[in-house]
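Undergrad: Sequence first, then the predicted structure, then my questions.
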Amino acid sequence: MDMNEIKEIFFQECEEQLAELESGLLKLNDGDRDPETVNAVFRAVHSIKGGAGAFGLDDLVSFAHVFETTLDCVRSNRLEPNQDVLKVMLKSADVLADLTNAARDGGSVDAARSRQLIKELEALANGELPQAAVAEPVAKPAPVAAPTPAPVVNEEGFQPVAFSFDDFETNEPLAIEPSTFEILFRPKSELYAKGNDATLLLRDLSRLGEMSIHCDMDELPALASMNPEAAYFAWKISLKTDKGEEAIRSVFEFAEWDCELDVMLAGGDHAGAGEELPMQPVPFDLSMLDEEVPASPGAAEDDDQVAAQQREARDDAVSAAATASNVLQMAQTARASAESNRSAASASAAQAAAQQAASAATPTIRVDLDRVDRLINLVGELVINQAMLSQSVIENDTNGTSSINMGLEELQQLTREIQDSVMAIRAQPVKPVFQRMSRIVREIADMTGKSVRLVTEGENTEVDKTVIDKLAEPLTHMIRNAVDHGLETPEKRVAAGKNPEGTVRLTAKHRSGRIVIELADDGAGINREKVRQKAIDNDLIAADANLSDEEIDNLIFHAGFSTADKISDISGRGVGMDVVKRSIQALGGRINISSKPGHGSVFTMSLPLTLAVLDGMVVTVANQTLVVPLTAIVETLQPEASAIHSFGASQRLISIRNSFCPLVDVGRILNFRAIQANPVEGVALLVESEGGGQRALMVDAIQGQRQVVIKSLEANYTHVPGIAAATILGDGRVALILDVDAIVAASRGQSLKPEMLLAAAG
Amino acid sequence: MASRNTAKKSLKLAPVLDLNEATGLHERLLTLKGTPIEIDASAVERIGTLCAQVLMAGARSWEEDRLSFTFAKVSDAFVKTTQLIGVDIAPLMAKEI
């Protein structure tokens, strides 16, 4: 594994940490005050900082450092995480994400923005309220941010006070007047068993300031009776540092369950404080003990204060990462292979640390998506092959009772299980995409001066990774549209008697074997008059066209359509909704709008859970073999003549258990035949469509039920209205998979053709 | 300091004495028990707490047996680490030239 691979893993971990960070901040924003949430947020930034330090990503480190300092104030209850504070923090999380991306892909970051945020963060750490929250200028330096425990005068007579940043450049960490801490550190044997070494922790500790130490060897037994892997040493440490108690505790962050740790300000009342122990001063220059970084703190005489601070931040980060990030452990391993004489030891240390990491979380592995895709493809072929095999056995084996049949059945079950398991590998919660949306909402809200709240529901709904990946883009377009066009300005909202803060609600749920994603805003709804006028102006419809509300709403999906009066950076360039519709269709999905003037619009997207397989009913329609997705079918029935009723000119209804249901001849809709088939000769499939209504689809016969591997028509041929995809049957023939909702929609009088025209126009 | 004995044995420490080395070091020291010992720590680049514990337990046992247990040569890393973890090896340093 080379450095680049390790770096790549680091960035993947960063992504996870950033997601964690954002969800934590959003929880805080919603009023969650659980210390664990704050800790999780802190840990996320801390880990990013640690890893970034190991790779020398200075920009990332220095920003993360300031961010972490401010979060630390929240963690130690010195800063109340109110809405204004969180606004700054959420923006900081965005910048942190940008910096991470820039470090990964090159790219540039808005330096002014990150500088501004660093200032704001520092102001927060310094106890100043965000600018937005205070009308009057704040008196600085503000003495409010005294560290916990409340003002204690230490032996030097210093009282810890907060410190103004105003005189410093951006990279200053939060400085507190040095205080002396007494630390009792008694490792348990588990600490060593998990691959941690007290020596490394003490080394990290010594970096925080001036340290003297006493090693308590009272527990140490005679050589013959000792267990060489047990913990006997304990330490009493006196540390003079300006970094505060949190920094000390964070050194032990990953060992705190495996040791007894007591950190207190020196001079406090506590048993044993009075007893004089021979303390041994710890040499300042321990750089040679760093197996990772040969940076010499001796160079700290450097006049350039900022550079020194950066180096220190990096050193801190490296040490934190040394105990923390498994990325670094891998980095160590890689370095070890470079330095052959140390390789064995480092590798075993990394192994031990990896074990430790494994015990902390559910073990997972990262696999290249391509490999999973290849596997899925192969399993797909296996399923087809198995189906072909079954078919040829059935055709050739006249006995039908042989052990071959039993074996085939087992094979079928096995392939099915394999397929399910492989699909499960790809299933991922939609959470990451939803989280990305909250950033989009924040940014658009800022740009448009609107106040928006994004509410998400069902983030843990799982769907195939491909679907998730392809969902982000259309969703982004839609969110932008919802905020930019959908929501009114705060003034208009107030005038309309609404909450000045608009709400955008993003929901995901499973419904009849598909994932349904809903995006609802509580804005003004679609202005149908305006849309209609615009469509006439753009020659999309005739001036006297008689369109239903639904049809007018659907006009916004037409290419080149935009109602925005002025073109903004955000939306309104006429690309957007048609792109959205096409991306959703390409995923085998559909999109619907329902809009209520004055109450907002709801966009409903329905997408398949997986793009690879489908449980289908194989049917015959006008001598063609079609596959109907099983998830859509409620029941099948053989219509009796008495149950069929004519309705209007050509419509027919079927009566099922005292209710009427429109009868749809699939062959007619798809133009497989010119005249309607006799319902009594066929079979009716009762289906439930997206809109919730039921329809009875008329087919000629049912061949059977089968799992089919989906082969995209769009990718191999072109989109065919009413057809979702194709598959290869056991006899090697291609069968089309029916798009039930499109068929149902077509049966409502909208023929399949206009959609084809629209699709062609797009 | 225990008397210097002619049958003194020498033990050269490995460059890396991390967590995994503790058991091996313990075993080696046990086999040398009963003879004066002179430890060469000049090659040590890294020493972890567990190995330091073993060495200190050895020093105590040798002292109980009234045999000499000394560090003949030490590397800078060895000294710094013992300072860092508060283990005073000065009394164990070989006094002769």
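TA: Noted; the coordinates are in hand.
Undergrad: these two touch, right, A:I468 and A:V430?
TA: Yes: the criterion here is CB atoms under 8 Å, and A:I468 meets it with A:V430 at 6.0 Å. The way it works is simple: take the backbone N, C-alpha and C, and place the C-beta from them, glycine included.
Undergrad: Check which element follows the longest strand seen in chain A along the chain.
TA: Ranked by residue count and defined by DSSP state E, the top strand of chain A is strand A:501-511. Counting by DSSP states H and E, the next helix or strand C-terminal to strand A:501-511 is strand A:514-521.
Undergrad: State the next helix or strand along the chain beyond that following strand.
TA: Toward the C-terminus from strand A:514-521 - assigned by DSSP H and E - lies helix A:528-537.
Undergrad: just the strands in chain B please.
TA: Using DSSP E, strands in chain B cover B:9-12, B:16-17, B:37-41, B:46-47, B:69-74.
Undergrad: Would you tell me which one of the ones you listed is buried the most?
TA: strand B:46-47 (a mean of 27; mean count of other CB atoms under 10 Å in any protein chain shown).
Undergrad: what about that one, average pLDDT?
TA: For strand B:46-47, mean pLDDT is 88.
Undergrad: same deal with stretch A:536-549?
TA: Mean pLDDT, computed over stretch A:536-549, is 78.
Undergrad: which element is A:E8 on?
TA: helix A:3-29.
Undergrad: er, A:I675 actually
TA: Of the helices and strands defined by DSSP H and E, none includes A:I675.
Undergrad: any idea how far it lies from chain B?
TA: Counting by CB to the nearest CB, to the nearest Å, the separation of A:I675 from chain B is 84 Å.
Undergrad: Return the distance of the closest residue to that residue other than its chain neighbours relative to A:V699.
TA: Take A:I675 and drop its neighbours on the chain: the residue closest to it by CB to CB, 6 or more residues apart in numbering or on different chains is A:R668, 7.6 Å away. Noted for A:R668: a distance of 11 Å to A:V699, by CB to CB, to the nearest Å.
Undergrad: quick one, which of those two is more surrounded?
TA: A:V699 (24 against 19; other CB atoms under 10 Å in any protein chain shown).
Undergrad: Surely that one is in contact with A:L686?
TA: No: A:V699 is beyond contact range of A:L686, at 11.8 Å (criterion: CB under 8 Å).
Undergrad: in a strand, that's where A:F672 is, yeah?
TA: No: using DSSP: H, G, I helix; E, B strand; the rest coil, the secondary structure at A:F672 is coil, not a strand.
Undergrad: and it, how far is that from A:A427?
TA: Taken as CB to CB, the span from A:F672 to A:A427 is 36 Å.
Undergrad: before we move on, what about A:K49?
TA: From A:K49 to A:A427 the distance is 32 Å (CB to CB).
Undergrad: Which one of those two is surrounded by more residues?
TA: For the pair A:K49 and A:A427, the greater number of neighbours falls to A:K49 (30 against 15), based on other CB under 10 Å.
Undergrad: give me the element the more buried one is part of.
TA: helix A:35-54.
Undergrad: That helix to helix A:3-29, inter-axis angle?
TA: Using axes from the mean of the first three to the mean of the last three CA atoms, to 10 degrees, the inter-axis angle of helix A:35-54 relative to helix A:3-29 is 150 degrees.
Undergrad: in whichever helix or strand comes after helix A:35-54, what's buried?
TA: Using DSSP H and E, the helix or strand that follows helix A:35-54 in sequence is helix A:58-75. By neighbour count on 16 or more other CB atoms under 10 Å in any protein chain shown, the buried set for helix A:58-75 is A:58, A:60-75.
Undergrad: from those, which are also near chain B?
TA: For chain B, no contacts are drawn from the buried residues of helix A:58-75 by CB under 8 Å from any CB of the partner chain.
Undergrad: OK, contacts around A:A643?
TA: By CB atoms under 8 Å, 6 or more residues apart in numbering or on different chains, A:A643 lies in contact with A:I654, A:S655, A:I656.
Undergrad: Which of those residues has the largest number of neighbours?
TA: A:I654 (22 neighbours).
Undergrad: ok, it touching A:A641?
TA: No: using CB under 8 Å, A:I654 makes no contact with A:A641, being 10.8 Å away.
Undergrad: I'd like to know how many residues surround residue 15.
TA: Defaulting to chain A. 15.
Undergrad: if you could check chain B rather than the one you did, that'd help
TA: Count around B:P15 with other CB under 10 Å applied: 15.
Undergrad: measure it to chain A for me?
TA: According to CB to the nearest CB, B:P15 stands 7 Å off from chain A.
Undergrad: For A:L201, see how far away that residue is.
TA: For B:P15, the distance to A:L201 - CB to CB - is 22 Å.
Undergrad: Next: A:I515.
TA: 47 Å.
Undergrad: of all the residues in chain B, which ones are close to chain A?
TA: So chain B meets chain A at B:15-16, B:18-23, B:25-26, B:29-30, B:33, B:45-50, B:52-54, B:56-58, B:60-61, B:64, B:76-77, B:80-81, B:83-88 (CB under 8 Å from any CB).
Undergrad: what do you get if the cut-off is 7 Å, keeping everything else the same?
TA: For chain B, the residues in contact with chain A (CB under 7 Å from any CB of the partner chain) are B:15-16, B:18-20, B:22-23, B:26, B:29-30, B:46, B:48-50, B:53-54, B:56-58, B:60-61, B:76-77, B:80-81, B:83-88.
Undergrad: Produce a ChimeraX select command limited to the buried residues of the residues you listed.
TA: A single ChimeraX command selects the buried members of these (16+ other CB under 10 Å):
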select /B:16,18,19,20,22,26,29,30,46,48,49,50,53,54,56,57,58,60,61,77,80,81,83,84,85,86,87
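Undergrad: Please name the residues that touch A:T727.
TA: By CB atoms under 7 Å, 6 or more residues apart in numbering or on different chains, A:T727 lies in contact with A:V627, A:V708, A:V709, A:I710, A:K711, A:A735, A:I737.
Undergrad: helices or strands up against the helix or strand A:L202 falls within?
TA: Assigned by DSSP H and E, A:L202 falls within helix A:198-206. Helix A:198-206 sits against helix A:244-251, helix A:305-323, helix B:76-84, with contacts defined as 3 or more CB pairs under 7 Å, 6 or more residues apart in numbering or on different chains; DSSP states H and E.
Undergrad: So which elements touch the last one?
TA: What it means is helix B:76-84. helix A:198-206, strand B:46-47.
Undergrad: Export those to JSON lines and append columns for distance to A:P278.
TA: Below are the helices and strands packed on helix B:76-84 laid out as JSON lines (distance: least, CB to CB, whole Å):
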{"stretch": "helix A:198-206", "distance to A:P278": "17"}
{"stretch": "strand B:46-47", "distance to A:P278": "21"}
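Undergrad: deepest of the ones you listed, which one?
TA: Buried most deeply of those, by mean count of other CB under 10 Å, is strand B:46-47, with a mean of 27.
Undergrad: by contact count, what packs against it?
TA: strand B:16-17, helix B:76-84.
Undergrad: quick revisit: check the average confidence over the helix holding A:E8, would you?
TA: Averaged over helix A:3-29, pLDDT sits at 83.
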